[in-house]
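1. With the input below, show me the fold.
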Amino acid sequence: MSYQNVHSGSLVNFTIKINELVKENKTFVLCDTNTKICLEKIDENLIFSNSEKLIIQSGEENKNITQVVKIWEFLNGHNANKNDFLINIGGGVICDLGGFAASTYKRGISFINIPTSLLGMVDASIGGKTGFNLNHLKNNIGTFSPAKMVICDADFLDTLPNDELKSGFAEVIKHALILDLNFWNQIKNKSFENYNFQDLISKSIDHKLTIVECDPLEKGPRKKLNFGHTVGHALESYFMSKDKKLLHGYAIAQGMIIESYISYKNNLLNLENYNEIKRFINSIYSQIKLSEYELNSLINLMTNDKKNELPKISFTLLNAIGDAVFDQYLSKDETKKLMLDFIENG
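-> I've put the predicted structure just below:
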């Protein structure tokens, strides 16, 4: 698996690279009802500007097998063959769904990711993870299949509302917390309105590629990228089951606070670092209040997390800001006790 063909910059600057990659093969474009507006921003000289296009419903609630079947039927109906390309233009949902459909159609066709959200640019489009949700469980079905090319153009961020930008920014925070104290100090000392997002995207891409290149199938250090996601994915799944909207990044932000607290209570992270993390994240994201009743549902969801390898719940925790440790296992009872303590004292 190779992840090197990831680029940050204006899409129009990569027209020749895209054309050289695709050559004379057919291309098919996938986007959703939110990101179809981005098609208008795509340079007319790109090889897929006249391609057949499929527009599916947007939103995490539509990240399911029904949409995957639609993509397969779209490709099949237009006689896509093994040499053709699927072009995914959209956020994390489109990159995940499109990547999965491409990786399984005729046992795998090539795809290109052109993420249009900050979340897609710094996380979902990079690293080869594809998939969809099953019975409200996040990404419970999926493959490892890297895109042939990824192009992250910050100009697309102009189409995003502020809450979507903040959702993607949570993954930037995660990269700093697990890998880079200097990067953490850089982002925590600026207000959200003053960030240079192209710089943040480039830095996050570098951090993620460093990890996935050495561990493409998540057998070791790549598990560090799961920080905040054990609790965060459970929150997302719980909200989906109640037909309530919770953006991925907002769930992960809360997950990072709780998992930082667990790190502190397990004598890994010091109290000063925990409070620093909590203050910064709470300055950007609204807190999610949890009841004991909801906590029981979250614990049950965490026991079904795809990351678990033992009859316990798997966490990535922090030794310090910029230093993460993976394969930290807690029982259901231990997890519940710590999360109850967080609700009362965190």
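2. Excluding chain neighbours, give the residue nearest to the spatially most central residue of the chain in space.
-> Most central in the chain under Cα atoms, centre = their mean is Ala124, positioned 3.8 Å from the mean C-alpha point. Nearest residue to Ala124, sequence neighbours excluded (Cβ to Cβ, 6 or more residues apart in numbering): Gly92, at 3.4 Å. C-beta here means a position set from N, CA and C on the backbone, and glycine is covered the same way.
3. which residues does the one you found contact?
-> Contacts for Gly92 (Cβ atoms under 8 Å, 6 or more residues apart in numbering) come out as Pro115, Ser117, Leu119, Gly120, Asp123, Ala124, Ser125, His248.
4. In what element of secondary structure is the residue found closest to the last one once you drop the neighbours it is linked to in the chain found?
-> To tie it back to what came earlier, the one meant is His248. Take His248 and drop its neighbours on the chain: the residue closest to it by Cβ to Cβ, 6+ apart is Ser167, 5.7 Å away. Using DSSP states H and E, Ser167 sits within helix 162-179.
5. looking only at pLDDT, what's the mean for that helix?
-> Averaged across helix 162-179, the pLDDT comes to 97.
6. and if you look at stretch 197-206?
-> For stretch 197-206, the mean pLDDT works out to 93.
7. Contacts for that stretch, please.
-> Stretch 197-206 is contacted from outside by 6, 8-9, 118, 121-123, 126, 152, 154, 157, 165, 169, 171-172, 175, 183, 187, using Cβ under 8 Å, 6+ apart.
8. Buried residues, it. List them.
-> Judged by neighbour count using 16 or more other Cβ atoms under 10 Å, the buried positions of stretch 197-206 are Phe197, Gln198, Leu200, Ile201, Ser202, Lys203, Ser204, Ile205.
9. Next: stretch 285-301.
-> Going by neighbour count (16+ other Cβ under 10 Å), the buried part of stretch 285-301 is Tyr285, Ile288, Leu290, Glu294, Leu295, Ser297, Leu298, Ile299, Leu301.
10. any chance of those residues in CSV, plus distance to Ile262?
-> Below are the buried residues of stretch 285-301 laid out as CSV (distance: Cβ to Cβ, whole Å):
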residue, distance to Ile262
Tyr285, 18
Ile288, 16
Leu290, 14
Glu294, 17
Leu295, 13
Ser297, 18
Leu298, 13
Ile299, 13
Leu301, 16
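11. Looking at those, spot the one nearest Ile321.
-> Nearest to Ile321 out of those is Tyr285 (Cβ to Cβ; 17.8 Å).
12. That's all I had, so thanks and see you.
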